[in-house]
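> Sharing a model that was predicted from the sequence below.
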Amino acid sequence: VGLRADRPLFQNEMLGNSSINALSFYDLDGKPFNIDVSKWSKERTYFSPRVGFNWDVEGNKNMIIRGGVGVFTGRFPFVWFTNQPSNSGTSVVPYEVTTGLNNYLFNPDPNAYISSFPNSAGNPPLPSSLAAVDRDFKMPQVLRISAAVDKKLANDWTLTLEGIYNKDINALLQYNDNQKAPIGTTFGPGARPLFGNSNATRRYNTGISEAMILTNSDKGGAGIFTAQVSKRFNKNWDFTVAYTHTESFELSGNPGSQASSAWSNIQSKNGNNNLDLAYSDYGTPNRVVAYASYKANWNKFLNTTFTLVYTGYEQGRFSYRYSNDYNQDGLSSDLLYIPNNPSEITFVANGAFTPAQQSDAFFKYIEQDKYLSSRKGQFAERNGAKFPWFSNLDFRILQDILPVSKYKNYGLQLSMEIENFTNLLNNDWGVTKRTTYTNAAILAVVAAPTATTAATYRMNLVSNQLPTSTYTSNITVGNTWRMNLG
């Protein structure tokens, strides 16, 4: 049983900006929202109670059942907090002189011209983009429940089964409270919300591009299951293999280094202020790890240990999208609609490629892609597609040279490790894959849809060709074999 308490403290005071205070914004529920950049979120204490157990069922360690439940507080996202003062228009106020520059010749005295400039910033200007933290923001927390069983089987086999369930209590979410609601619905197959196609029709305050708010959501969670078997065949040889399956969901993985990019880089169907629950950006759906080690005792002075480690996993998830703005919200992050047949999509010429050639190539591409061919007549899901399975084998040799004398408190060990041993065996093995299209953006929108007209498209080219396969080899130094001697 345990209890942890965390309390962040904000020691510094920030300056306000009256230019921002005078503006009106709207939250995700459409309610008026005022931004005060001089105030942090409320200070509060975050309690994390937890309890765990470990039960030796038979009293001889042949079967152990263990588990626990608790609340866990994550790392505080202070990097997002720094966006507030740095985008408030109060950190630096520029003052420029563009005439009479002959009066400001070089002078070794740094204070020579200081009297020529204002001694105060005056009323801070309105920044082109701003970010703030919701006053009711809470630091990230999850509820975690785990249960496992370790069972010793016959012939020195051991089986472990473990399950973990995570439920978001306070997940992180960015939204833009300067973005207006949609004005209608796009015409044609795959209808979705349509936004105004100008700053005046899609922004509440046209002088600001985004007004980002860091807030919370309780939507999201994960389920993780692991099965592992191991065996010690004798004192020199042991073996372990484990399989893990993960299902992880979230509203936002915050895929950016700043508030605005963490919001705009998310692929969506209905607009980035109206996100659907989706597969996580960071989950590995399936993973296998195997380990085998053998120790050869040549004599009482020389031992050699051979170790193989196999790692295999689906490399992650990705989203099919358009390469430019489809719904006119000003972002190029719109999820693809997969047409049922050629009657649902209109192509226009793309260089030397006619509309008919692009249509044929596009539907051939869909048919060869396992995910797209299963989603005809539907939208692509965020992170719905999976990268292919990747296999990697590492090989290691340890040579122990034991002391000849009776004093055995020293010795010599030589090592050779070959990372990505699979690539040494075959140049085509141990190589990750990437999508042939950058960001999996198959189509470019030529004429955006309106409420009464459907969009027209071009199939994007790669190296001036129409691609025929989803993946290509990812040729990097990290995909080559490497040898370490020690």
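Cool, the structure landed.
> in stretch 326-345, what counts as buried?
Applying a neighbour-count criterion of 16 or more other C-beta atoms under 10 Å, one finds 326-339, 345 buried in stretch 326-345. For glycine as for every other residue, the C-beta is placed from the backbone atoms N, C-alpha and C.
> Then stretch 468-482?
Thr470, Asn479, Trp481.
> looking at it, Ile230 is touching Trp237, isn't it?
Small correction: residue 230 is Ser, not Ile. No - in this structure Ser230 lies outside contact range of Trp237 using C-beta atoms under 8 Å: 11.8 Å.
> Who does Tyr294 form a beta bridge with?
For Tyr294, the beta-bridge partners are Trp237, Phe306 (DSSP bridges).
> So it is in contact with Phe239, correct?
No - when contacts are counted by C-beta under 8 Å, Tyr294 is not listed as touching Phe239 (9.3 Å).
> which other residues reach the top helix by length along the chain?
Selection of the longest helix in the chain by residue count, based on DSSP state H, yields helix 355-368. Helix 355-368 is contacted by residues 338, 341-342, 345-350, 353, 372-373, 376, 442-443, 458-459, 466-470 when judged by C-beta atoms under 8 Å, 6 or more residues apart in numbering.
> Tell me which of those residues fall in strands.
Ile338, Ile442, Leu443, Arg458, Met459 (DSSP state E).
> May I ask you to confirm that the fourth one is in contact with Val446?
Spelled out, it's Arg458. Yes - at 5.7 Å, Arg458 counts as touching Val446 under the criterion of C-beta under 8 Å.
> any common contacting residues for those two?
By C-beta under 8 Å, 6+ apart, Arg458 and Val446 have these common neighbours: Val348.
> neighbour count winner among these two?
More neighbours surround Arg458 than the other of Arg458 and Val446, with 18 against 15 (other C-beta atoms under 10 Å).
> who are the neighbours in contact with the more buried one?
The neighbours of Arg458, taking C-beta under 8 Å, 6+ apart as the test, are Phe347, Val348, Ala349, Asn350, Gln358, Leu443, Ala444, Val446.
> cutoff 7 Å now
Phe347, Val348, Asn350, Gln358, Ala444, Val446 (C-beta atoms under 7 Å, 6 or more residues apart in numbering).
> Taking the centroid of the chain, which residue is nearest it?
Residue closest to the mean C-alpha point of the chain, counted by C-alpha atoms, centre = their mean, is Asp281 at 3.8 Å.
> Point me to the helix or strand that includes it.
Using DSSP states H and E, Asp281 maps to neither a helix nor a strand.
> Could you do Phe225 as well?
Per DSSP H and E, Phe225 falls inside strand 220-234.
> outside of that strand, which residues touch it?
Under the contact criterion C-beta under 7 Å, 6+ apart, strand 220-234 has outside partners 156-168, 171, 238-251, 277, 283.
> Of the residues you listed, just the buried ones, ChimeraX syntax please.
Typed into ChimeraX, the line below selects the buried ones among these, using 16+ other C-beta under 10 Å:
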select :160,162,164,165,166,167,168,171,238,239,240,242,244,246,248,249,250,251,283
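> ok, the ones in strands among the contacts of helix 355-368 vs Thr436, which is closest?
Distance ranking of these against Thr436, using C-beta to C-beta, places Ile442 first at 9.4 Å.
> what number of residues lie near the closest one?
Ile442: 25 surrounding residues under other C-beta under 10 Å.
> so it touches Arg321, yeah?
No - at 8.3 Å, Ile442 does not count as touching Arg321 under the criterion of C-beta atoms under 7 Å.
> Low-confidence ranges, the stretch 351-486 of the chain, go.
404-409 (pLDDT under 70).
> Against which helices or strands is the lengthiest strand in the chain packed?
Counting residues, the longest strand found in the chain (DSSP E) is strand 157-176. Judged by 3 or more C-beta pairs under 7 Å, 6 or more residues apart in numbering; DSSP states H and E, strand 157-176 is in contact with strand 141-152, strand 211-217, strand 220-234, helix 259-264.
> need those in a markdown table with distance to Phe301, can you?
Shown next, in a markdown table, are the helices and strands packed on strand 157-176 (distance: least, C-beta to C-beta, whole Å):
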| stretch | distance to Phe301 |
| --- | --- |
| strand 141-152 | 35 |
| strand 211-217 | 63 |
| strand 220-234 | 21 |
| helix 259-264 | 59 |
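> Out of the ones you listed, flag the one nearest Asp27.
Per C-beta to C-beta, nearest to Asp27 of these: strand 211-217, 7.4 Å.
> first to last residue in stretch 264-276, what's the distance?
End-to-end span of stretch 264-276 (C-alpha to C-alpha, to the nearest Å): 15 Å.
> Just the residues contacting it, thanks.
28, 175-176, 179, 182, 192-193, 195, 251-252, 255-256, 263, 319, 321, 327, 329, 331, 333, 335, 379, 382.
> Quick one, which of the residues you listed are buried?
The buried subset of these (16+ other C-beta under 10 Å) comprises 28, 175-176, 179, 182, 192-193, 195, 251-252, 263, 319, 321, 327, 329, 331, 333, 335, 379, 382.
> Take those and keep only those in strands.
Judged by DSSP E, the subset of these located in strands is Tyr175, Asn176, Pro193, Arg321, Phe379.
> my guess is Phe10 meets Ser41, correct?
No - Phe10 lies out of contact with Ser41 (C-beta under 7 Å); the separation is 8.3 Å.
> Looking at these two, which has the bigger crowd around it?
It is Ser41, of Phe10 and Ser41, that has more neighbours when counted by other C-beta under 10 Å, with 19 against 13.
> any idea how far Asn265 is from Asn441?
Small correction: residue 441 is Ala, not Asn. As for Ala441, its distance to Asn265 is 13 Å (criterion: C-beta to C-beta, to the nearest Å).
> let me redo that: Arg232
According to C-beta to C-beta, Arg232 and Asn265 sit 48 Å apart.
> same question, Pro193
Taking C-beta to C-beta, one finds Pro193 at 19 Å from Asn265.
> Likewise for Leu443?
Between Leu443 and Asn265 the computed distance is 19 Å (C-beta to C-beta).
> Who has more neighbours out of those two?
Using other C-beta under 10 Å as the criterion, Leu443 and Asn265 rank with Leu443 on top: 24 against 19.
> isn't the more buried one right next to Arg321, touching?
No - with contacts counted by C-beta under 7 Å, Leu443 stays clear of Arg321, the gap being 8.7 Å.
> joint contacts of those two?
Leu336.
> shouldn't Ile65 be in contact with Val149?
Yes - with contacts defined as C-beta under 7 Å, Ile65 counts as touching Val149 at a distance of 5.2 Å.
> follow-up on the earlier one: anything in contact with each of Ile442 and Arg321?
Leu336.
> closest to Phe395 among the contacts of Arg458?
Using C-beta to C-beta, the contacts of Arg458 come closest to Phe395 at Ala444, 45.6 Å.
> Who are the contact partners of the closest one?
By C-beta under 7 Å, 6+ apart, Ala444 lies in contact with Tyr322, Ser323, Asn324, Tyr457, Arg458, Asn460.
> burial of the third one, as a residue count?
If I follow you right, that is Asn324. By other C-beta under 10 Å, the residues close to Asn324 number 15.
> just the fourth one next, same as before
The number of residues packed around Tyr457, counting by other C-beta under 10 Å, is 24.
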